[in-house]
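# just the structure for this:
(chains A and B)
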Amino acid sequence: NAGVTQTPKFRILKIGQSMTLQCTQDMNHNYMYWYRQDPGMGLKLIYYSVGAGITDKGEVPNGYNVSRSTTEDFPLRLELAAPSQTSVYFCASSFFGTGEIDEQFFGPGTRLTVL
Amino acid sequence: AQSVSQHNHHVILSEAASLELGCNYSYGGTVNLFWYVQYPGQHLQLLLKYFSGDPLVKGIKGFEAEFIKSKFSFNLRKPSVQWSDTAEYFCAVIPINDYKLSFGAGTTVTVRA
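Alright, predicted model coming up:
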(Lines give C-alpha, C1' and ligand atoms only; values in the text may rest on other atoms or scores of the structure.)
Protein backbone atom coordinates (compact mmCIF):
# COMPACT_ATOMS: atom_id res chain seq x y z
CA ASN A 1 0.00 0.00 0.00
CA ALA A 2 1.29 3.42 -0.94
CA GLY A 3 -1.20 5.02 1.49
CA VAL A 4 -1.93 8.66 0.66
CA THR A 5 0.14 10.22 -2.09
CA GLN A 6 0.29 13.87 -3.10
CA THR A 7 1.78 15.70 -6.05
CA PRO A 8 3.60 17.97 -6.48
CA LYS A 9 5.85 18.20 -3.41
CA PHE A 10 6.76 21.81 -4.05
CA ARG A 11 5.36 24.54 -6.25
CA ILE A 12 5.86 28.26 -6.72
CA LEU A 13 2.99 30.18 -8.27
CA LYS A 14 2.59 33.74 -9.37
CA ILE A 15 -0.38 35.75 -8.12
CA GLY A 16 -3.42 34.97 -10.23
CA GLN A 17 -2.20 31.63 -11.55
CA SER A 18 -4.17 28.47 -11.02
CA MET A 19 -3.14 24.94 -10.17
CA THR A 20 -4.43 21.60 -8.98
CA LEU A 21 -2.97 19.69 -6.08
CA GLN A 22 -3.40 15.98 -6.59
CA CYS A 23 -4.25 13.46 -3.86
CA THR A 24 -4.73 9.72 -4.21
CA GLN A 25 -5.31 7.02 -1.62
CA ASP A 26 -5.26 3.27 -2.12
CA MET A 27 -6.83 2.17 1.15
CA ASN A 28 -10.44 2.29 -0.08
CA HIS A 29 -11.23 4.97 2.47
CA ASN A 30 -14.54 6.71 2.01
CA TYR A 31 -13.59 9.97 3.75
CA MET A 32 -10.98 12.36 2.39
CA TYR A 33 -9.82 15.75 3.59
CA TRP A 34 -7.71 18.71 2.60
CA TYR A 35 -5.91 20.74 5.25
CA ARG A 36 -3.56 23.67 5.19
CA GLN A 37 -0.85 24.05 7.78
CA ASP A 38 0.48 27.45 8.72
CA PRO A 39 3.16 28.05 11.38
CA GLY A 40 1.70 28.17 14.88
CA MET A 41 -1.83 27.60 13.59
CA GLY A 42 -2.11 23.84 13.47
CA LEU A 43 -4.10 22.30 10.65
CA LYS A 44 -7.17 23.98 9.24
CA LEU A 45 -9.73 21.99 7.25
CA ILE A 46 -10.33 23.35 3.76
CA TYR A 47 -12.72 20.81 2.23
CA TYR A 48 -13.72 17.26 2.89
CA SER A 49 -15.56 14.47 1.13
CA VAL A 50 -17.61 11.62 2.55
CA GLY A 51 -17.62 9.64 -0.67
CA ALA A 52 -17.43 9.89 -4.43
CA GLY A 53 -19.56 12.77 -5.68
CA ILE A 54 -20.03 14.31 -2.23
CA THR A 55 -17.95 17.22 -0.96
CA ASP A 56 -18.42 19.94 1.63
CA LYS A 57 -16.67 23.02 2.97
CA GLY A 58 -14.45 23.02 6.00
CA GLU A 59 -13.23 25.98 8.06
CA VAL A 60 -11.28 27.83 5.36
CA PRO A 61 -12.74 27.02 1.91
CA ASN A 62 -12.46 30.44 0.26
CA GLY A 63 -10.23 30.43 -2.81
CA TYR A 64 -10.35 26.66 -3.25
CA ASN A 65 -12.47 24.07 -5.01
CA VAL A 66 -12.56 20.30 -4.89
CA SER A 67 -14.12 17.40 -6.71
CA ARG A 68 -14.40 13.69 -5.93
CA SER A 69 -15.23 11.65 -8.99
CA THR A 70 -13.67 8.43 -7.65
CA THR A 71 -13.06 6.90 -4.24
CA GLU A 72 -9.31 7.17 -4.73
CA ASP A 73 -8.81 10.75 -5.91
CA PHE A 74 -9.54 14.07 -4.27
CA PRO A 75 -7.89 16.98 -6.12
CA LEU A 76 -7.78 20.50 -4.70
CA ARG A 77 -7.97 23.41 -7.13
CA LEU A 78 -6.68 26.93 -6.60
CA GLU A 79 -8.24 29.18 -9.22
CA LEU A 80 -6.61 32.57 -8.61
CA ALA A 81 -3.60 32.13 -6.40
CA ALA A 82 -3.02 34.75 -3.72
CA PRO A 83 -0.08 35.24 -1.31
CA SER A 84 -2.40 34.26 1.57
CA GLN A 85 -2.53 30.77 0.08
CA THR A 86 1.18 30.24 0.71
CA SER A 87 1.11 27.22 2.99
CA VAL A 88 1.74 23.52 3.30
CA TYR A 89 -1.21 21.46 2.11
CA PHE A 90 -1.97 18.01 3.44
CA CYS A 91 -4.42 15.50 2.12
CA ALA A 92 -5.77 12.84 4.46
CA SER A 93 -8.16 9.92 4.35
CA SER A 94 -10.01 7.77 6.84
CA PHE A 95 -12.66 5.10 7.04
CA PHE A 96 -16.05 5.74 8.57
CA GLY A 97 -18.20 2.69 8.90
CA THR A 98 -21.15 1.97 11.11
CA GLY A 99 -19.48 3.18 14.28
CA GLU A 100 -16.82 5.76 14.79
CA ILE A 101 -14.44 7.29 12.36
CA ASP A 102 -10.97 5.84 12.54
CA GLU A 103 -7.66 7.65 12.45
CA GLN A 104 -6.77 9.83 9.52
CA PHE A 105 -3.84 8.89 7.32
CA PHE A 106 -1.90 11.81 5.91
CA GLY A 107 -0.03 12.37 2.70
CA PRO A 108 3.49 13.85 2.57
CA GLY A 109 2.25 17.38 1.83
CA THR A 110 2.64 20.00 -0.87
CA ARG A 111 4.59 23.14 -0.04
CA LEU A 112 3.08 26.01 -2.06
CA THR A 113 4.50 29.50 -2.34
CA VAL A 114 2.58 32.28 -4.07
CA LEU A 115 4.66 35.28 -5.08
CA ALA B 1 -17.67 23.99 17.31
CA GLN B 2 -15.13 22.33 19.52
CA SER B 3 -11.69 23.81 20.10
CA VAL B 4 -8.43 22.23 21.10
CA SER B 5 -5.79 23.99 23.20
CA GLN B 6 -2.19 22.94 23.48
CA HIS B 7 -0.55 24.79 26.32
CA ASN B 8 3.02 24.91 25.16
CA HIS B 9 4.13 26.34 21.85
CA HIS B 10 7.76 25.27 22.11
CA VAL B 11 9.43 22.91 24.58
CA ILE B 12 13.19 22.43 24.79
CA LEU B 13 14.56 19.43 26.67
CA SER B 14 17.76 17.50 27.16
CA GLU B 15 17.97 13.83 26.30
CA ALA B 16 16.65 11.54 29.04
CA ALA B 17 14.41 14.27 30.44
CA SER B 18 10.72 13.55 30.89
CA LEU B 19 8.18 15.13 28.59
CA GLU B 20 4.59 16.12 29.20
CA LEU B 21 2.51 18.04 26.70
CA GLY B 22 -0.85 19.41 27.69
CA CYS B 23 -4.02 19.22 25.61
CA ASN B 24 -7.48 20.45 26.54
CA TYR B 25 -10.61 20.48 24.45
CA SER B 26 -13.92 22.26 24.72
CA TYR B 27 -16.73 19.86 23.89
CA GLY B 28 -19.24 18.53 26.34
CA GLY B 29 -20.07 15.26 24.62
CA THR B 30 -18.20 12.05 23.98
CA VAL B 31 -15.07 12.44 21.91
CA ASN B 32 -12.32 10.40 20.35
CA LEU B 33 -8.82 11.75 20.93
CA PHE B 34 -5.57 11.53 19.00
CA TRP B 35 -1.97 12.61 19.21
CA TYR B 36 -0.12 12.99 15.93
CA VAL B 37 3.58 13.63 15.45
CA GLN B 38 5.27 15.41 12.56
CA TYR B 39 9.02 14.83 12.27
CA PRO B 40 10.99 17.50 10.41
CA GLY B 41 10.10 17.44 6.73
CA GLN B 42 7.66 14.58 7.10
CA HIS B 43 3.93 14.12 7.16
CA LEU B 44 1.77 13.59 10.23
CA GLN B 45 1.82 10.15 11.79
CA LEU B 46 -0.41 8.75 14.49
CA LEU B 47 1.25 8.37 17.90
CA LEU B 48 -1.75 7.08 19.80
CA LYS B 49 -5.50 7.32 20.05
CA TYR B 50 -8.22 6.98 22.65
CA PHE B 51 -11.72 5.83 21.81
CA SER B 52 -12.91 4.17 25.01
CA GLY B 53 -11.80 1.91 27.86
CA ASP B 54 -8.63 2.38 29.89
CA PRO B 55 -7.98 6.13 29.98
CA LEU B 56 -4.24 5.52 29.96
CA VAL B 57 -3.28 4.64 26.41
CA LYS B 58 0.09 3.59 25.13
CA GLY B 59 1.36 4.47 21.72
CA ILE B 60 4.43 4.00 19.61
CA LYS B 61 7.98 4.95 20.59
CA GLY B 62 7.31 4.85 24.34
CA PHE B 63 4.64 7.57 24.37
CA GLU B 64 1.52 7.39 26.48
CA ALA B 65 -1.42 9.68 27.10
CA GLU B 66 -4.01 9.97 29.83
CA PHE B 67 -7.60 10.95 29.21
CA ILE B 68 -9.16 12.79 32.16
CA LYS B 69 -12.79 13.33 31.26
CA SER B 70 -13.53 15.67 34.17
CA LYS B 71 -10.74 17.98 33.07
CA PHE B 72 -11.38 17.65 29.31
CA SER B 73 -7.71 16.80 28.98
CA PHE B 74 -5.59 14.35 27.04
CA ASN B 75 -1.97 14.95 28.04
CA LEU B 76 0.90 13.24 26.29
CA ARG B 77 3.89 11.88 28.23
CA LYS B 78 7.19 10.18 27.68
CA PRO B 79 9.43 9.28 30.65
CA SER B 80 12.75 9.70 28.85
CA VAL B 81 13.08 11.52 25.54
CA GLN B 82 15.63 10.94 22.83
CA TRP B 83 17.11 13.30 20.28
CA SER B 84 14.95 11.57 17.66
CA ASP B 85 11.81 12.79 19.44
CA THR B 86 12.46 16.27 18.09
CA ALA B 87 9.25 16.98 16.21
CA GLU B 88 5.98 18.85 16.26
CA TYR B 89 3.16 17.24 18.21
CA PHE B 90 -0.51 17.80 17.53
CA CYS B 91 -3.48 16.93 19.68
CA ALA B 92 -6.73 16.29 17.79
CA VAL B 93 -10.31 15.74 18.84
CA ILE B 94 -13.37 14.42 17.05
CA PRO B 95 -16.84 14.13 18.57
CA ILE B 96 -18.20 10.64 18.35
CA ASN B 97 -20.25 10.12 15.17
CA ASP B 98 -18.67 13.23 13.63
CA TYR B 99 -16.06 13.06 10.89
CA LYS B 100 -14.22 16.36 11.15
CA LEU B 101 -11.09 16.41 13.24
CA SER B 102 -10.16 19.55 15.19
CA PHE B 103 -6.44 20.08 15.71
CA GLY B 104 -4.57 22.03 18.31
CA ALA B 105 -1.97 24.56 17.20
CA GLY B 106 0.84 22.11 17.85
CA THR B 107 3.81 21.99 20.20
CA THR B 108 7.32 21.98 18.84
CA VAL B 109 9.60 19.78 20.91
CA THR B 110 13.36 20.19 20.59
CA VAL B 111 15.53 17.60 22.30
CA ARG B 112 19.15 18.56 22.79
CA ALA B 113 21.76 15.83 22.79
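# the strands in chain A, which residues?
Along chain A, the segments classed as strands by DSSP state E run A:4-7, A:10-13, A:19-25, A:31-38, A:42-51, A:54-57, A:64-66, A:76-78, A:87-94, A:105-106, A:110-114.
# how about the ones you listed in a markdown table, adding mean pLDDT and distance to B:Ile96?
C-betas here are computed from N, CA, C, even on glycine. Shown next, in a markdown table, are the strands of chain A (pLDDT from 0 to 100; distance: least, CB to CB, whole Å):
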| stretch | mean pLDDT | distance to B:Ile96 |
| --- | --- | --- |
| strand A:4-7 | 96 | 24 |
| strand A:10-13 | 96 | 37 |
| strand A:19-25 | 97 | 24 |
| strand A:31-38 | 95 | 15 |
| strand A:42-51 | 93 | 16 |
| strand A:54-57 | 95 | 19 |
| strand A:64-66 | 97 | 26 |
| strand A:76-78 | 97 | 28 |
| strand A:87-94 | 96 | 14 |
| strand A:105-106 | 94 | 20 |
| strand A:110-114 | 96 | 31 |
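# which of those sits closest to B:Phe90?
Set against B:Phe90 and scored by CB to CB, the strands of chain A come closest in strand A:42-51, at 6.3 Å.
# what packs against the closest one?
strand A:31-38, strand A:54-57, strand A:64-66, strand B:102-103 (3 or more CB pairs under 8 Å, 6 or more residues apart in numbering or on different chains; DSSP states H and E).
# next, format those as a markdown table and append distance to B:Glu20.
Shown next, in a markdown table, are the helices and strands packed on strand A:42-51 (distance: least, CB to CB, whole Å):
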| stretch | distance to B:Glu20 |
| --- | --- |
| strand A:31-38 | 24 |
| strand A:54-57 | 36 |
| strand A:64-66 | 37 |
| strand B:102-103 | 19 |
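# how about the contacts made by the most centrally placed residue in chain A?
Nearest to the centroid of the C-alpha atoms of chain A, with distances taken as CA atoms, centre = their mean, sits A:Trp34, at 2.6 Å. When contacts are counted by CB atoms under 8 Å, 6 or more residues apart in numbering or on different chains, A:Trp34 is found next to A:21, A:23, A:45-48, A:58, A:64, A:66, A:74, A:76, A:89-92.
# for it, which non-adjacent residue is spatially closest?
A:Ile46 (4.4 Å; CB to CB, 6 or more residues apart in numbering or on different chains).
# how near is that neighbour to A:Ser87?
10 Å (CB to CB, to the nearest Å).
# a markdown table for the strands of chain A, including distance to B:Glu15?
Shown next, in a markdown table, are the strands of chain A (distance: least, CB to CB, whole Å):
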| stretch | distance to B:Glu15 |
| --- | --- |
| strand A:4-7 | 32 |
| strand A:10-13 | 33 |
| strand A:19-25 | 37 |
| strand A:31-38 | 28 |
| strand A:42-51 | 27 |
| strand A:54-57 | 44 |
| strand A:64-66 | 42 |
| strand A:76-78 | 40 |
| strand A:87-94 | 29 |
| strand A:105-106 | 28 |
| strand A:110-114 | 30 |
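# so which of the ones you listed is nearest B:Lys100?
Closest approach to B:Lys100 among those (CB to CB): strand A:42-51, 6.2 Å.
# between the helices and strands packed on strand A:42-51, which one is closest to B:Ser84.
Among those, strand A:31-38 sits nearest to B:Ser84 (CB to CB), with 21.7 Å.
# about what we covered before: so the residue nearest to the centre of chain A versus A:Ser87, what's the distance?
Applying CB to CB to A:Trp34 and A:Ser87 gives a distance of 11 Å.
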